[in-house]
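> pasting the sequence and the predicted coordinates here, then a few questions.
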Amino acid sequence: MTADGSAAPAEPSLPTRLPLDGLRVVDVGNFLAGPYAASILGEFGAEVLKVEHPLAGDPMRRFGTGTTRPDATLKWLSEARNRKSVTLDLRQPEGVDLFLRLLGKSDVLVENFRPGTMEEWGLGWARIHAANPRLVMLRVTGYGQTGPYRRRHGFAHIAQAFGGLNYLCGFPGESPVLPGTVPLGDYIASLFGAIGVLVALRHAEATGRGQVIDVGIYEAVFRVLEEIAGVYGAQGKVREREGAGSFVAVPHGHFRTQDDRWIAIACTTDKMFERLAVAMGQPHLASSSLYGDQRKRLAARDTVNQLVIEWVASLPRDAVMARCLEEEVPVGKVNSIADIFADEQFQARGNLATVAVDGVGDVVVPGVVPTLSATPGRITGLGPALGDATDAVMRDLLGLAAGEVARLRAQRII
Amino acid sequence: MTAPAASSAPAALPLAGIRVLDIATIIAAPYCATLLGEFGADVLKLEHPVGGDGLRKFGTPSQRGDTYTWLSEGRNKRSVTLDLRLPDGVALFKRLVAQTDVLCENFRTGTLEKWGLGWEVLRAINPRLVMLRVTGYGQTGPYRDRPGFARVAHAVGGIAYLAGMPKGTPVTPGSTTLGDYMTGLYGCIGVLLALRHRDLTGEGQYVDAALYESVFRCTDELAPAYAMHGTVRERQGSSHNDNAVPHGHFATRDGKWIAISCATDKLFGRLAAAMGRPELASHSIYGTQAVRLEHRHDVNEIVRDWCGSLTRDEVLARCHATDTPAAPLNDIADIFGDRQFHARRTLVAVDEPETAETVIVPAVVPRLSETPGTIRSLGPRLGAHTDAVLQELLGCTPDEVAELRRKRVI
């Protein structure tokens, strides 16, 4: 396998000790919310064991665009990177015992079952904590581990709606749309989860005590909505959908070019608008008597936007981009994935990593984010085959004899 | 002031003893410092003596004058004024860097270098330093010098293209600062990893975070599907990308909206039961995803009609009775009235001491059982801690501080 996603700024040839070398993470989650935190830990050196049901495995293996491998969609290959797969049936008592032994040799557990599920299997926090007092457990669910809605389904789009993000996306008075057809809530909740794990590991290493990190996808999404709670609390003002624009700045939005493509312009300050006016060849627009002041632009929002709409529509995308960049206007193409593959910044930063996968061929996936100068993360391999490490883990980590492993397999415990 | 529910005897926070210098502006890199502060780090916000961080003016002003976003995201920070454009300011800054664990900045590439404060200089002062650098496009590559805002990052990173009605105008993905927050999160992960490496080896490093990369990293299977099949995903309103029907936002009789997500056949069966039409989930009708995808228009029409015939509360009650994944599209008024938000204390009321205004802010995320993060104060007034920090940390006398103030260094 090869990986070129790390984009190390300095001396990538020297093998470095990664920050999480020596840590073991057990990921017993399904899909993305939570498991993505384990992916990040894996990118920076942790050994990640994906514990899956012996028959079906993680349903993400079958979700999205299929490949020549029946147990791997493209989504699985990309997001289950840097893992070893271990089959274990947690619905059987012997599976639970083996799982607890595994946790005894691990540092982090990631799970995202509906609250109460692990407890039903005899895997509540008290028992896990007793098996390994230093273990850090990340629990990600739609609504968190507490509160009246804790047992409800919380897939990304549901939790995003509940957390207040989806209401804000779309045109005023029209149907709210998704903030991009990607499971943003799952990713954002996982980022918070990874931070919780790293903070809790620090505490565990200092004190010997592990703890639980409880992330509700809804509150992860709600946490990043800047001023809306403060403003509603103080003034009772309800934020509505802002279409392609912004409430706090004009012009600030998406504009269609002559060749029927789209660009984003963000004039957050008066200085930025002045630059845009110059790029448009109409510097007088930024005079104090016209639209030089943000408050005036906000008051004349439609008029100002119309001027920009007309100018952008009079030129092909490349020409608009060139003029804006020359004046240092904050501007960008509204990139499709085809645009992204052709983009020189994505190429230069190594954001598209090509990884060879047995039986599938080359697969292109997003590279590691963020970029660390001394210890850049890496992709050691994409989503594993179901149970590819079961034998090794049972034998080497848990010390089971070959006959024992065969029996467990015959009984479908592994 | 309320802290998240937790054990009674508070353990020392995990980042107690870590000092963070936040010389960044608005949200992206400062949000990393906010997260570190919630878990115990001492965060010094270094600001220009005139005006300070632009976030103080970006958005809706509070009674004190600084915006609500500043009050919320400046939580737990101490404000110190310092003009890095003046040699005396640079000298003081270097003395602070010598006593610091983490530095967060998001100036355009080359700015710190222009002030004589590039990575090599700072590393020579403090080899253990961890530095977070956030820009629109990262520290390298052909676009590195371009101005970058979250709006542009949403566009460049690929999610703006995916937000909106099919063939319609791409819309803002819910919030114009989403990419800033996401980059603050990635930056914080990078800083925590780098601190760990630093503690093990003594070696500091910098984290190079780009707004557009944070967005692009969260785009699902977009890249592998394009590389393998040439698939270009387009805007699809509120429906799922060709994987599941019904999936989306539906209007209810009282003019509100709900989200329904039936990713599997089992979940569609539950929805059909909630609608009082279990036969729809039979094999001969719409019981399998492939058939529903083929007849997506008809299936969505049935769900739309059903939702439109009931109030939001009625639709949700029936969905929850059969365990169908559904939720209201909450606006902020709904959120303030919601039992789950209350039970989890997702909203926290904190008093602003000067004006006695009670400000509502989002609670700390994530929630740790043993060492929960805390909100000890809201965003401070500009320069509220300048004197204290210069005297305590740098040993300046009151006269020296007065002189620095006269020279407008602070």
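Looks like it came in fine.
> residues making contact with the host helix or strand of residue A:220?
In the assignment (DSSP states H and E), residue A:220 maps to helix A:217-223. Helix A:217-223 is touched from outside by A:33, A:140-144, A:154, A:156, A:159-160, A:162-165, A:184-186, A:188-189, A:191-192, A:229, B:181, B:335, B:340-341, B:344, B:346, B:362-363, B:365-366, with contacts defined as CB atoms under 8 Å, 6 or more residues apart in numbering or on different chains. To be clear about C-beta, it is placed using only N, CA and C from the backbone, and glycine gets the same treatment.
> just the ones of the residues you listed in helices?
With DSSP state H as the criterion, helices contain A:156, A:159-160, A:162-163, A:184-186, A:188-189, A:191-192, A:229, B:181, B:335, B:340-341 from among those.
> mind telling me what element the residue of chain A positioned farthest from its centre is part of?
Centroid-distance maximum for chain A: residue A:289 at 45.6 Å, with CA atoms, centre = their mean. Residue A:289 is part of no helix or strand, with elements assigned from DSSP H and E.
> tell me the pLDDT at it?
We have a pLDDT of 94 for residue A:289.
> write out the residues of the stretch 301-410 of chain B neighbouring chain A.
B:320, B:323-336, B:339-341, B:343-344, B:346-347, B:349, B:357-363, B:365-371 (CB under 8 Å from any CB of the partner chain).
> mind listing the strands for the chain?
Answering for chain A, as no chain was given. A:24-27, A:47-52, A:83-87, A:108-111, A:136-141, A:212-216, A:252-256, A:262-266, A:331-333, A:352-357, A:361-366, A:371-372 (DSSP state E).
> ah, no, chain B please
Under DSSP E, chain B gives strands at B:19-22, B:42-47, B:77-81, B:102-105, B:130-135, B:205-210, B:247-251, B:257-261, B:326-328, B:347-352, B:357-362, B:367-368.
> reformat those into a markdown table and put mean neighbour count next to each item.
Converted to a markdown table, the strands of chain B look like this (neighbours: other CB atoms under 10 Å in any protein chain shown):
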| stretch | mean neighbour count |
| --- | --- |
| strand B:19-22 | 24 |
| strand B:42-47 | 26 |
| strand B:77-81 | 25 |
| strand B:102-105 | 27 |
| strand B:130-135 | 28 |
| strand B:205-210 | 28 |
| strand B:247-251 | 23 |
| strand B:257-261 | 24 |
| strand B:326-328 | 27 |
| strand B:347-352 | 17 |
| strand B:357-362 | 19 |
| strand B:367-368 | 26 |
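> tabulate the ones you listed (a markdown table), appending distance to residue B:160 and mean pLDDT.
Below are those laid out as a markdown table (distance: least, CB to CB, whole Å; pLDDT from 0 to 100):
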| stretch | distance to residue B:160 | mean pLDDT |
| --- | --- | --- |
| strand B:19-22 | 28 | 98 |
| strand B:42-47 | 31 | 98 |
| strand B:77-81 | 31 | 98 |
| strand B:102-105 | 26 | 98 |
| strand B:130-135 | 19 | 98 |
| strand B:205-210 | 16 | 98 |
| strand B:247-251 | 19 | 95 |
| strand B:257-261 | 21 | 95 |
| strand B:326-328 | 24 | 96 |
| strand B:347-352 | 29 | 96 |
| strand B:357-362 | 24 | 97 |
| strand B:367-368 | 31 | 97 |
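> which stretch among those comes nearest residue B:11?
Closest to residue B:11 of these, according to CB to CB: strand B:367-368, at 9.7 Å.
> can you list the strands of chain A in CSV and add mean neighbour count, mean pLDDT and distance to chain B?
Below are the strands of chain A laid out as CSV (neighbours: other CB atoms under 10 Å in any protein chain shown; pLDDT from 0 to 100; distance: least, CB to the nearest CB, whole Å):
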stretch, mean neighbour count, mean pLDDT, distance to chain B
strand A:24-27, 24, 98, 14
strand A:47-52, 26, 98, 15
strand A:83-87, 24, 98, 16
strand A:108-111, 27, 98, 12
strand A:136-141, 28, 98, 8
strand A:212-216, 27, 98, 4
strand A:252-256, 24, 96, 5
strand A:262-266, 24, 96, 4
strand A:331-333, 27, 96, 4
strand A:352-357, 19, 97, 6
strand A:361-366, 20, 97, 4
strand A:371-372, 28, 96, 4
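> same list, those, but as JSON lines with distance to residue B:381 please.
Below are the strands of chain A laid out as JSON lines (distance: least, CB to CB, whole Å):
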{"stretch": "strand A:24-27", "distance to residue B:381": "43"}
{"stretch": "strand A:47-52", "distance to residue B:381": "45"}
{"stretch": "strand A:83-87", "distance to residue B:381": "48"}
{"stretch": "strand A:108-111", "distance to residue B:381": "40"}
{"stretch": "strand A:136-141", "distance to residue B:381": "37"}
{"stretch": "strand A:212-216", "distance to residue B:381": "33"}
{"stretch": "strand A:252-256", "distance to residue B:381": "29"}
{"stretch": "strand A:262-266", "distance to residue B:381": "29"}
{"stretch": "strand A:331-333", "distance to residue B:381": "35"}
{"stretch": "strand A:352-357", "distance to residue B:381": "46"}
{"stretch": "strand A:361-366", "distance to residue B:381": "41"}
{"stretch": "strand A:371-372", "distance to residue B:381": "35"}
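> quick check: which of these is nearest to residue B:238?
strand A:252-256 (18.3 Å).
> returning to what we had before: got the strands of chain B as CSV, with distance to residue B:277 columns?
As requested, the strands of chain B are arranged in CSV below (distance: least, CB to CB, whole Å):
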stretch, distance to residue B:277
strand B:19-22, 56
strand B:42-47, 56
strand B:77-81, 55
strand B:102-105, 55
strand B:130-135, 51
strand B:205-210, 49
strand B:247-251, 15
strand B:257-261, 14
strand B:326-328, 16
strand B:347-352, 38
strand B:357-362, 40
strand B:367-368, 40
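> out of these, which is closest to residue A:411?
Comparing the strands of chain B by CB to CB, strand B:257-261 comes nearest, at 35.8 Å.
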